[in-house]
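Peer 1: Let me see the structure of the following:
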Amino acid sequence: MLELAYLYEIKRVQEPSDKVIEDLNKTIGLKICDLPYSQVIAEAIQQTWTRDPFDRIIVGQAAVTQSILVSKDENILSHYVHAIWKEKT
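Peer 2: Modelled structure (predicted):
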């Protein structure tokens, strides 16, 4: 949510973060993660392939449970084994 809010503030996305999360919840059942913050950050610290704090936290959060991470970011796709992206055809 924090990165989405940041992207909205700098005009990289069109909708505020709460609206995006609400829409994704309704359409695909997306839920806010309830992992302990300290566990996510401990894993994020291990993501030394990037200096971007948002990427480290996002990948760290997914890595805690070895979850699939949907991302268009090429750096994430090349470093996190469970990252996927599929262009619309």
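Peer 1: ok, now which ones touch the closest residue in space to residue 52 that isn't next to it in sequence?
Peer 2: Ranked by C-beta to C-beta, 6 or more residues apart in numbering and with sequence neighbours excluded, the top spatial neighbour of residue 52 is residue 75, at 8.0 Å. (C-beta placed from N, C-alpha, C; glycine too.) Shown in contact with residue 75 (C-beta atoms under 8 Å, 6 or more residues apart in numbering): 49, 50, 52, 55.
Peer 1: Show the buried residues in the residues you listed.
Peer 2: Buried members of these, scored by 16 or more other C-beta atoms under 10 Å, are residue 55.
Peer 1: Tell me which two in the contacts of residue 75 are the farthest apart.
Peer 2: Spatially, the most separated pair among the contacts of residue 75 is 49 and 52, at 9.9 Å (C-beta to C-beta).
Peer 1: Where does the prediction get shaky in this structure?
Peer 2: 89 (pLDDT under 70).
Peer 1: all helices of it, in order?
Peer 2: For the chain, the helices defined by DSSP state H cover 2-9, 17-28, 37-45, 53-64, 74-79.
Peer 1: what's the burial count for residue 7?
Peer 2: 16 (other C-beta atoms under 10 Å).
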